[in-house]
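Trainee: Whatever this is, show me its structure:
(one chain, ligands or ions: 2)
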Amino acid sequence: MNVGLKTQILPATEAAVASAARCLAQGGLVAFPTETVYGLGTDAANARAIARLYEAKGRPSFNPLIAHVGDIGAGMRIARFNAMATKLAEAFWPGPLTLVLPRTNDSAVVDLATAGLDTIAIRVPAHRIARAILRAFGGPVVAPSANLSGHVSPTSAAHVQSDLAGRIDLIVDGGAVEVGVESTIVGCFDAPLLLRPGGLPRGEIERVLGRALVQPPHEAENTTNQPLAPGMLASHYAPRTPVRLNAGHIEAGEALLAFGTPAVPGVDAATVVMNLSALGDLTEAAANLFGYLRTLDLRGARAIAVMPVPDHGLGEAINDRLRRAAMGRE
Ligand code: TXA
Ligand code: MG
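Mentor: Ligands and ions are numbered 1, 2, ... in the order given. Okay, the predicted model is just below:
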């Protein structure tokens, strides 16, 4: 077990980037900011390091990881890009889009990273620090969100610290992230599959492709580990406090996670109110989502009541994460 490691925390300077690259080269576990959420990175070619990563997160090993690379060229060395994938990569990378593609046979990425699948998830992150670390390290870095398995994703270095201190080697603190929800995942097969709504709204992807993204069947109901879209475990994003969705009123002892004007009957009875976006702005709401869930989870409320959030644009990813949070933990 990694518990008991001394976790170094460094502000995101050039020296920290160099330390991060050195640490990755030695099989270390390094948390770093991306534009979506903080990632927990390790060398995609090092099976031992990846085994440590799964262990540090307490993550079931059937859940495959995203390989982060510096540019499309590096992506093409580990996966086969069809026309659709190339088009999406050119339009949206670097950025909050992950593509699932067939693996190349001779790639350096070890099987453990992809949980033995013959496909691989790849993305080119847009964050300055993530890009600097990838450049300095020089190879693909697998990086799940830097939280304990089942917790909400971290949007600040403090979140990473509270979940993983003592379990990983280094945290590079680059401040709060910009997007706040994970990347959108698209499977580039005969039809383009929306495997996970995320930080890049579906509409933008469909505009570039000139066709609709297809929803994989039974995705939302998939609670097993034999995944169509592996990792879409129903209870993935759960706080400890029960979450009640589409709250039309507040019951005594509940915390309120509001959106827009909190004109909900009983709002005065709420133990605490946090507003994802008073102006009803979905971008702001996405950036606040995971941090507010974490904060409300610590307030000892009997439940977190959540006001309805519109389902368009980034609202699709926000509602997806809220539904998972509401399903609770096993
Ligand atoms: O924004 C993000 O994507 C963040 C930052 C750190 O880059 N990463 C992230 O990773 O959210 P993670 O491990 O928490 O989620 C990765 C998702 C999982 O649902 C996983 O099952 C899915 O990607 N995935 C990975 N490889 C896959 C594959 N070959 N086929 C289908 N889904 C895959
Ligand atoms: Mg995650």
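
Trainee: for the helix or strand where E55 lies, what is the average pLDDT?
Mentor: For E55, the host element (DSSP states H and E) is helix 47-57. For helix 47-57, mean pLDDT rounds to 89.

Trainee: is that helix anywhere near ligand 1?
Mentor: No: Helix 47-57 lies out of reach of ligand 1 by C-beta under 6 Å from any ligand atom, never closer than 8.6 Å. For every residue, glycine as well, the C-beta is placed using N, CA and C.

Trainee: Could you list the buried residues of that helix?
Mentor: For helix 47-57, burial by neighbour count (16 or more other C-beta atoms under 10 Å) applies to A49, I50, R52, L53, Y54, A56, K57.

Trainee: What residue, apart from its backbone neighbours, is nearest the fourth one spatially?
Mentor: Spatially, and ignoring its direct neighbours in sequence, L53 is nearest to T42 (4.8 Å; C-beta to C-beta, 6 or more residues apart in numbering).

Trainee: Which residues lie in contact with C188 in this structure?
Mentor: F81, N82, M84, A85, L88, L99, V100, L101 (C-beta atoms under 8 Å, 6 or more residues apart in numbering).

Trainee: what about I9, which helix or strand?
Mentor: strand 8-11.

Trainee: where in the stretch 51-200 of the chain is pLDDT low?
Mentor: Residue ranges of the stretch 51-200 of the chain with pLDDT under 70: 60-62.

Trainee: thinking again about what came up before, any idea of the angle the following helix or strand past the strand holding I9 forms with helix 47-57?
Mentor: As assigned by DSSP H and E, the chain's next helix or strand after strand 8-11 is helix 14-25. Taking axes from the mean of the first three to the mean of the last three C-alpha atoms, to 10 degrees, one finds helix 14-25 and helix 47-57 inclined to each other by 110 degrees.

Trainee: Now do helix 14-25: which elements does it pack against?
Mentor: If contacts are counted by 3 or more C-beta pairs under 8 Å, 6 or more residues apart in numbering; DSSP states H and E, helix 14-25 sits against strand 8-11, strand 30-33, strand 38-43, helix 128-137, strand 170-173.

Trainee: roughly how far is the longest one from the heart of the chain?
Mentor: Pointing back at helix 128-137 there. Remark: helix 128-137 is offset 18 Å from the chain centroid, using C-alpha atoms, centre = their mean, to the nearest Å.

Trainee: I would like the residues contacting it, please.
Mentor: Against helix 128-137 from outside (C-beta under 8 Å, 6+ apart): 12, 14, 17-18, 20-21, 24-25, 30, 32-35, 39, 41, 43, 68-70, 94, 125, 141, 172, 174.

Trainee: With the last one instead?
Mentor: Contact with strand 170-173 is made by 7-12, 16-17, 19-20, 23, 28-33, 129, 133, 146, 157, 160-161, 164-165, as judged by C-beta under 8 Å, 6+ apart.

Trainee: go again using 7 Å as the cut-off
Mentor: Here strand 170-173 makes contact (C-beta atoms under 7 Å, 6 or more residues apart in numbering) with 7-12, 16, 19-20, 23, 28, 30-33, 129, 157, 160-161.

Trainee: which of the residues you listed count as buried?
Mentor: Buried among the contacts of strand 170-173 (16+ other C-beta under 10 Å): 7-8, 10, 12, 16, 19-20, 23, 28, 30-33, 129, 157, 160-161.

Trainee: who touches the strand holding I9?
Mentor: A16, S19, A157, Q161, D169, L170, I171, V172, D173.

Trainee: ok, the first one - contacts?
Mentor: Right, the one you point to is A16. L10, V172.

Trainee: just the buried ones among the contacts of strand 170-173 that are near ligand 1?
Mentor: Okay, of these, nothing touches ligand 1 (C-beta under 6 Å from any ligand atom).

Trainee: show me what contacts V243?
Mentor: A303, I304, V306, L322, A325, A326 are the contacts of V243 under C-beta under 7 Å, 6+ apart.

Trainee: Can you tell me the SS state at the most centrally placed residue in the chain?
Mentor: Centre of the chain computed as the mean C-alpha position; nearest residue by C-alpha atoms, centre = their mean is E182, 3.4 Å away. Here E182 is recorded as coil under DSSP: H, G, I helix; E, B strand; the rest coil.

Trainee: That one and ligand 1, how far apart?
Mentor: 4 Å (C-beta to the nearest ligand atom, to the nearest Å).

Trainee: Can you flag the buried ones in the contacts of V243?
Mentor: Buried among these (16+ other C-beta under 10 Å): A303, I304, V306, L322, A325, A326.

Trainee: Which members of these define the maximum pairwise distance?
Mentor: A303 and L322 (13.2 Å; C-beta to C-beta).

Trainee: Dig out what the nearest residue to A157 once chain neighbours are set aside forms beta bridges with.
Mentor: Excluding the flanking residues, the one nearest A157 by C-beta to C-beta, 6+ apart is D173, at 3.7 Å. Beta-bridge partners of D173, counted by DSSP bridges, are P11.

Trainee: which parts of the chain sit against ligand 1?
Mentor: Close to ligand 1, as judged by C-beta under 6 Å from any ligand atom, the chain has residues 34, 36-37, 39, 63-66, 98, 100, 114, 117, 119-121, 125, 143-145, 182-183, 185, 195-196, 229-232.
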